[in-house]
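Enquirer: Kindly generate the corresponding structure for this input.
(chains A and B)
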2 protein chains.
Amino acid sequence: MHHPFQFNIINSSKLSRARTGQIVTPHGTIDTPNFVAVGTNGTIKALDSLTVEQIGIQLMFCNTYHLMIQPGTDVIKQAGGLHSFIQRKSPIITDSGGFQVFSLAYGTVKDELKSRGQKKTNNCVLKINEEGVLFRSYKDGSKILLTPESSVLAQKDLGADIIIPFDELPPYHIDPTKLKRSLERTHRWQKRSLDTHMANRADQAMYAVVHGGIDQTLRAQSAHYLSSLPFDGFAIGGSLGKTRVELFNLLDFLMPHIPSNFPNHLLGIGDLESIDYAVRAGIDTFDSSHPTRCARHGLVFTSQGTKKITASSHRYQTEPIDPHCVCPVCTRYSAAYLTHLFKAHEMTGYTLATIHNLHFMVKLMEQYRAAINNGKI
Amino acid sequence: MHHPFQFNIINSSKLSRARTGQIVTPHGTIDTPNFVAVGTNGTIKALDSLTVEQIGIQLMFCNTYHLMIQPGTDVIKQAGGLHSFIQRKSPIITDSGGFQVFSLAYGTVKDELKSRGQKKTNNCVLKINEEGVLFRSYKDGSKILLTPESSVLAQKDLGADIIIPFDELPPYHIDPTKLKRSLERTHRWQKRSLDTHMANRADQAMYAVVHGGIDQTLRAQSAHYLSSLPFDGFAIGGSLGKTRVELFNLLDFLMPHIPSNFPNHLLGIGDLESIDYAVRAGIDTFDSSHPTRCARHGLVFTSQGTKKITASSHRYQTEPIDPHCVCPVCTRYSAAYLTHLFKAHEMTGYTLATIHNLHFMVKLMEQYRAAINNGKI
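Expert: Prediction:
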């Protein structure tokens, strides 16, 4: 039977590894390279699904871990899946929950870097073994066992267009032997995830997650092994380094090892500088809550750089925050009004800034695609 | 010169004092009786102006006190007035700031009832005398003198279609002699407000505020005196009683004293039971943050009564929260999704519930007008 998921490369740059393409899913097409907005709980914070589609966000990232706990995947399954539940017509990607449970266990990479590798086991995580991870729900204290099988079955209930196998996220500070052992386990888990997926593939695509931390040998091994399995695409996960330079070096090294005829995804990266590098390195999609979180903190992206909306310079600014912007916010509201809404702590301000920043990302990615298609990147 | 403000009565009920009418303003027509949504800081909380207009809210109430402090009326004046600043094309009403400064001085009626009349002077209010009220800005500690003149000039900067004279809001627990003295001062202040307004009337209308607490003699005196001045309408303010029964008795007594050929407004009342009574008593408009505040607390108005959105009965409800509702939320999202958004503490939930409740109020008022026009109320 014909599977609806396809990836077509439109142009490959002669100047860099950048390429444009189209990912075809049952819920529509994603032009690549593209930014993926994060809606952890089944909503982009402060926006409803209709607004998100009007902005032109082609792929939305939802977190299985959060949705398992609240409202529960049974609720979403009964509603006919995530698209129906949140009323999104366009493509959705879900992760496996692995990132969140291991962040609970080890803290985030950022926490960890701050604590200089003093691994702190959060008591929400009760057990990690070959079977999977047993943890306690932050909502009601109930015990939840997350395994490759249960993660994929949860993602079947959610019904996103693209799903992710359950992987182990080792801490950044880990000795090489342990990192190797973690990689082997993550590969076994991804194989189990893929088997569970293929037993009931439906219309979903599954991307592998290439691991190996910042160890080039392990990264190459991971890319090589995962490429041998029938995944539909390749995500880059695990520790991506503690600085942008480490990330960029990793991309330079790793991308030639990722099969170029499949779509790829860079997990959790979305600052503008990293996007600029990642596009040239050949990344097709990347998700990040950075633009939406910035918006809620009053940091708006403009053609003149990032601006702090509460800066006193905007107090009397009757022009929009970005006079060149054609978004529904800039074509309607002044910078002074946005400044006021933030100073008055009005939620409306968070909504408007989020619309603006996501619109900025949509336009930015259009520009990247045009530049690649025109042979300029 | 022709003044753009007009009031036309369409139908007067034979069964009650209810009537339908149209208030014509420079920014459009308000069908009466109607509910006035409150957007204290120049925004209905969690909505933007475009959404509010799409819902069909014909009159929006903004608070001069809050806007004086943040962003400052100079900012709004420079932007071309409140309509331009907040991008609202439809009518706006502003109050004088009196209610807020006297709430600071005496606490709200609710606080006061709780404290059984133990008057507590909040040290934000520094001085109250014949000139006006001197208070400290909660924002930067600066001293602000609010007088009849400065309040009206601030409302000139804001440029709302309907403005309110500066009045004294005596506490509910006040002895009759003091209440009488307060009423005399409030009349002097309203006369000064009217004089300031008439010196530069522009396109604005000014409603008097009938005072007198729950003393029928004073209420009648107030209505009588204020009717002798060239106000464009009559608001009912001051203490409206500590129970609904007191409010209803007050309306029964007072409404025959209010000139019927002018529009009237009931200040700060918006619960469904009071609205039902007020409409029959002949009230044309009333403002309240009740429907929007309820929405943010997950209380949604439906044709089957008010529902708590987080009730477990909605968890799996794939139907909308009100199957009979045609609002943009009910025609798109399930009760289960709204429940989830509230349980996940997502701002999107506050936005959607607010849209629903305001739409409910718009439809409710349409039904009241139809019932009056059809001779059923």
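Enquirer: rest of the way, CA atoms for contacts and neighbours
Expert: OK.
Enquirer: number of nearby residues for the closest residue to chain B within the stretch 101-250 of chain A?
Expert: Among all residues of the stretch 101-250 of chain A, residue A:139 sits closest to chain B, at 9.9 Å; criterion: CA to the nearest CA. Neighbour count for residue A:139, taken as other CA atoms under 10 Å in any protein chain shown: 11.
Enquirer: same thing with residue A:180?
Expert: For residue A:180, the neighbour count with other CA under 10 Å is 18.
Enquirer: What of residue A:320?
Expert: Neighbour count of residue A:320, defined by other CA under 10 Å: 20.
Enquirer: The host helix or strand of residue A:151 near chain B at all?
Expert: Per DSSP states H and E, residue A:151 falls inside helix A:148-158. No - Helix A:148-158 lies out of reach of chain B by CA under 8 Å from any CA of the partner chain, never closer than 13.6 Å.
Enquirer: Which strands or helices does that helix pack on?
Expert: Packing partners of helix A:148-158 (3 or more CA pairs under 8 Å, 6 or more residues apart in numbering or on different chains; DSSP states H and E): helix A:64-69, helix A:73-78, helix A:176-198.
Enquirer: For the longest one, the averaged confidence score.
Expert: Spelled out, that is helix A:176-198. Per-residue pLDDT values across helix A:176-198 average out to 97.
Enquirer: Kindly report the same for stretch A:219-232.
Expert: Averaging pLDDT along stretch A:219-232 yields 98.
Enquirer: next one: stretch A:96-103
Expert: On average, the pLDDT along stretch A:96-103 is 91.
Enquirer: residues in contact with that stretch?
Expert: With CA atoms under 8 Å, 6 or more residues apart in numbering or on different chains as the test, stretch A:96-103 has contacts from A:63-66, A:109, A:125, A:133, A:135, A:146, A:151-152, A:155, A:163-170.
Enquirer: Within range of chain B, give me the residues from chain A.
Expert: With the criterion set to CA under 8 Å from any CA, chain A comes near chain B through A:41, A:43, A:45-48, A:70-71, A:75, A:78-79, A:85-87, A:315-316, A:318, A:332-334, A:336-337, A:340-341, A:343-344, A:346-348, A:351-352.
Enquirer: redo that, cut-off 7 Å
Expert: Counting by CA under 7 Å from any CA of the partner chain, chain A comes close to chain B at A:41, A:45-48, A:70-71, A:75, A:79, A:85-87, A:316, A:318, A:332-333, A:337, A:340, A:344, A:346-348.
Enquirer: Just the ones of these in helices?
Expert: A:75, A:85-86, A:337, A:340, A:347-348 (DSSP state H).
Enquirer: Which member of these is positioned nearest residue A:17?
Expert: residue A:86 (35.9 Å; CA to CA).
Enquirer: Identify the residues contacting that closest one.
Expert: With contacts defined as CA atoms under 7 Å, 6 or more residues apart in numbering or on different chains, the neighbours of residue A:86 are A:42, A:49, B:337.
Enquirer: need the contact list for residue A:65.
Expert: Residue A:65 neighbours (CA under 7 Å, 6+ apart): A:97, A:100.
Enquirer: For chain B, see how far away it is.
Expert: Noted for residue A:65: a distance of 13 Å to chain B, by CA to the nearest CA, to the nearest Å.
Enquirer: Distance check, that residue against residue B:106.
Expert: 49 Å (CA to CA, to the nearest Å).
Enquirer: Likewise for residue A:324?
Expert: Going from residue A:324 to residue B:106 by CA to CA gives 49 Å.
Enquirer: what's the answer for residue A:220, then?
Expert: Residue A:220 sits 72 Å away from residue B:106, going by CA to CA.
Enquirer: got it, and residue A:125?
Expert: For residue A:125, the distance to residue B:106 - CA to CA - is 52 Å.
Enquirer: swap in residue A:250?
Expert: For residue A:250, the distance to residue B:106 equals 65 Å [CA to CA].
Enquirer: More neighbours: which of the two?
Expert: More crowded of residue A:250 and residue B:106, by other CA under 10 Å: residue B:106, with 22 against 18.
Enquirer: Domain map for chain A?
Expert: A:6-288, A:311-369 (automatic domain parsing).
Enquirer: Now do the shortest one, average pLDDT.
Expert: Just to be clear, that refers to domain A:311-369. 97.
Enquirer: Run the chain-centre distance for it.
Expert: 24 Å (CA atoms, centre = their mean, to the nearest Å).
Enquirer: Could you do stretch A:309-318 as well?
Expert: The chain centre lies 32 Å from the centre of stretch A:309-318; the measure is CA atoms, centre = their mean.
Enquirer: Now do the buried residues in it.
Expert: Using 16 or more other CA atoms under 10 Å in any protein chain shown as the test for burial, stretch A:309-318 gives A:309-310, A:314-318.
Enquirer: Ok, stretch A:194-212 next?
Expert: Residues A:194-197, A:203-212 are the ones in stretch A:194-212 that count as buried (16+ other CA under 10 Å).
Enquirer: go on, stretch A:253-264?
Expert: A:254-255, A:257-258, A:260, A:262-264.
Enquirer: Bridged to the spatially most central residue of chain A, which residues?
Expert: Against the mean C-alpha coordinate of chain A, by CA atoms, centre = their mean, the closest residue is residue A:287 at 2.8 Å. Here residue A:287 sits in beta bridges with residue A:36, going by DSSP bridges.
Enquirer: neighbours around residue A:184, how many?
Expert: So residue A:184, with other CA under 10 Å, has 17 neighbours.
Enquirer: Could you measure from it over to residue A:217?
Expert: Remark: distance between residue A:184 and residue A:217 (CA to CA) = 13 Å.
Enquirer: got it, and residue A:362?
Expert: Plainly put, residue A:362 is 35 Å away from residue A:217 if you go by CA to CA.
Enquirer: Those two: which is more packed in?
Expert: Between residue A:362 and residue A:217, residue A:362 has the larger neighbour count (other CA under 10 Å), namely 19 against 12.
Enquirer: what helix or strand is the more buried one on?
Expert: Counting by DSSP H and E, the element that carries residue A:362 is helix A:347-373.
Enquirer: Which elements pack onto that helix?
Expert: Under the contact definition 3 or more CA pairs under 7 Å, 6 or more residues apart in numbering or on different chains; DSSP states H and E, helix A:347-373 sits against strand A:19-25, strand A:34-38, helix A:290-296, strand A:299-302, helix A:335-343.
Enquirer: Closest one to chain B out of the buried residues of stretch A:253-264, please.
Expert: Nearest member of the buried residues of stretch A:253-264 to chain B, counting by CA to the nearest CA, is residue A:264, at 30.2 Å.
Enquirer: Surely the closest one touches residue A:281?
Expert: No - in this structure, residue A:264 is not within contact of residue A:281 by CA atoms under 7 Å, at 11.1 Å.
Enquirer: What residues does the residue located most distally from the centre of chain A make contact with?
Expert: Residue farthest from the centre of chain A, counting by CA atoms, centre = their mean, is residue A:316 at 37.1 Å. Neighbouring residues of residue A:316 by CA under 7 Å, 6+ apart: A:336, B:75.
Enquirer: tell me the phi and psi of it?
Expert: Torsion angles at residue A:316 (phi, psi; degrees, to the nearest 10) stand at phi -110, psi 10.
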